[in-house]
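[1] Provided below for reference: sequence and predicted model.
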There are 2 protein chains.
Amino acid sequence: MPESPTALEFYFDFSSPYGYLASEKIDEIAARHGRHVEWRPILLGVVFRATGCAPLTQIPIKGEYSLRDFARSARFLGVPYTQPAGFPIATQHAARAYYWLHDQPQSAARAFAHAVYRAYFSERRDISCLDVVLDLAVRHGADHDLLAAALAGETLKERLKDECAAAIGKGVFGSPYIVVDGEPFFGADRLPQIERWLASGGF
Amino acid sequence: MPESPTALEFYFDFSSPYGYLASEKIDEIAARHGRHVEWRPILLGVVFRATGCAPLTQIPIKGEYSLRDFARSARFLGVPYTQPAGFPIATQHAARAYYWLHDQPQSAARAFAHAVYRAYFSERRDISCLDVVLDLAVRHGADHDLLAAALAGETLKERLKDECAAAIGKGVFGSPYIVVDGEPFFGADRLPQIERWLASGGF
């Protein structure tokens, strides 16, 4: 089958359970079809202002189901999962640190993103905390003081704002939102559709 | 594996695209594991008043995606699908007619429900129209005048109200909502989880 080298675009928020589940699968799915994935953290709070939606767990009746579905879907996919005590939380430090790492030569941004997600969803760490984000980033090659200075400055804030605005402009309304050759897929439950799309170039 | 004879509960609204997709699959999935399914139409408008949610297609940004996802998910599952021109629509006539048929001896309520869904989602018929509902019901054994009289009366209206209230009381917040031995599953995309749950008695 002919394959385009275009990377998949993977939009997610670091406090999104289904984003976390997708993060543990999307690279291997893409790789099976000779493709790479661009990871693009965004802030669901910003997106929700555009759609008028609320975090799942805050919706009456649906909220309780969601907590059960997060854990069950994780078991279904074979991904470790512990519901965080604080949920959802602010993820701007983590998202900004991701883009800062991303722009470094020989970046470990992908490994950092995995570490942030796993810290939050299976190690009970509070990734809204600046020190936790710095600690994880330093373990992935960041210079503590340089990153701390960047996180305190305006440039990196603008960078994340621009990423969120660009994502909304492309139609992103939730997490995970994955684009394959222009075709958008929303939700970890669309991974089987993504796999078939990659295998057949659409269906 | 030990199997309980308890029927699956399948809650749906006749104007729900994902409910329609599930309706074309759920009986065969249950049958593979020696199980039956109880079909229970409800009104999403009533449910949405409890959750504060809106129909998917009316949500900014997400709405456009949803239309694409309805059709793509239908292709993924191999189910014929044409987006209805009027959407969503009122389905109380169809739901009431279903329960009326359901309560008849030797009822063809299941076949009627399939016919209503297919009329709406692949034959471009307006199932909000009383005459269309009566026509479909008569084809499935209903006496036209008896059903027309029942649809005009209070008893059947109360029956549907009670069904909706009971469903909300059980945690139903959308369509399709399927309960397997007390475990709730929301969405046609949860069919693979339902299949595994039936096969293993949970996971």
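    Yes, it's here.

[2] who's in contact with A:W197?
    A:V180, A:D181, A:E183, A:F185, A:F203 (CB atoms under 8 Å, 6 or more residues apart in numbering or on different chains). C-beta: built from backbone N, CA, C; applies to glycine.

[3] hmm, which of these are the buried ones?
    The neighbour-count criterion (16 or more other CB atoms under 10 Å in any protein chain shown) marks A:V180, A:F185 among the contacts of A:W197 as buried.

[4] can you show me the strands along chain A?
    Listed in chain order, the strands of chain A (DSSP state E) span A:8-12, A:37-41, A:177-180, A:183-186.

[5] how much space between A:L101 and A:F70?
    Distance, A:L101 to A:F70, by CB to CB, to the nearest Å: 27 Å.

[6] which ones are touching the nearest residue to A:I59 once chain neighbours are set aside?
    Leaving out its chain neighbours, the residue that sits closest to A:I59 by CB to CB, 6 or more residues apart in numbering or on different chains is B:T51, at 5.6 Å. Each residue near B:T51 by CB under 8 Å, 6+ apart is listed here: A:I59, A:P60, A:I61, A:K62, B:F173, B:G174.

[7] tell me the confidence at the fourth one?
    Taken from the predicted model, the pLDDT recorded for A:K62 is 91.

[8] with the last one instead?
    Model confidence at B:G174, given as pLDDT, is 95.

[9] doesn't A:K62 make contact with it?
    Yes - contact criterion CB atoms under 8 Å: B:G174 and A:K62 qualify, at 7.1 Å.

[10] what sits in contact with each of the two?
    B:T51, B:C53, B:F186.

[11] burial measure for the second one, as a count.
    The tally of other residues near B:C53 (other CB atoms under 10 Å in any protein chain shown) stands at 20.

[12] got the angle between the worst-scoring helix or strand of chain A on mean pLDDT and strand A:8-12?
    One helix or strand of chain A scores below all others by mean pLDDT, DSSP states H and E: helix A:44-51, with a mean of 90. Comparing the axes of helix A:44-51 and strand A:8-12 via axes from the mean of the first three to the mean of the last three CA atoms, to 10 degrees yields an angle of 100 degrees.

[13] tell me the buried residues in helix A:44-51?
    A:L44, A:V46, A:V47, A:A50, A:T51.

[14] over to stretch A:88-96?
    Quick answer for stretch A:88-96 (16+ other CB under 10 Å): A:P88, A:I89, A:T91, A:Q92, A:H93, A:A94, A:A95, A:R96.

[15] which among those residues gets closest to chain B?
    Chain B lies nearest to A:P88 out of those, by CB to the nearest CB, at 17.7 Å.

[16] isn't that closest one up against A:S15?
    Yes - the pair A:P88 / A:S15 is scored as a contact, 4.2 Å apart, by CB under 8 Å.

[17] need the overlap of contacts for these two.
    A:L44.

[18] just checking, A:L130 touches A:H93?
    Yes - if you go by CB under 8 Å, A:L130 and A:H93 touch, sitting 5.2 Å apart.

[19] shared neighbours, these two?
    A:L151.

[20] need the worst-confidence member of the buried residues of stretch A:88-96.
    A:P88 (92).

[21] and that residue, how far from B:A149?
    Counting by CB to CB - A:P88 and B:A149 are separated by 52 Å.

[22] repeat for A:F12
    Taken as CB to CB, the span from A:F12 to B:A149 is 55 Å.

[23] these two: who's more crowded?
    Neighbours per residue (other CB under 10 Å) separate A:F12 from B:A149, with A:F12 holding more: 28 against 11.

[24] what sits against the residue nearest to that one when sequence neighbours are not counted?
    Closest residue in space to A:F12, ignoring its immediate chain neighbours: A:G19 at 3.5 Å, by CB to CB, 6+ apart. Neighbour list for A:G19: A:F12, A:D13, A:Y117, A:S175, A:P176, A:A188 [criterion: CB under 8 Å, 6+ apart].

[25] the closest residue to the third one other than its chain neighbours: neighbouring residues, count only.
    This means A:Y117. Nearest non-adjacent residue to A:Y117, counting by CB to CB, 6+ apart: A:Y20, 4.6 Å away. Burial measure for A:Y20: 27 neighbouring residues, criterion other CB under 10 Å.

[26] my guess is A:Y20 contacts A:Y120, does it?
    Yes - look at A:Y20 against A:Y120 with CB under 8 Å: they come within range, at 7.5 Å.
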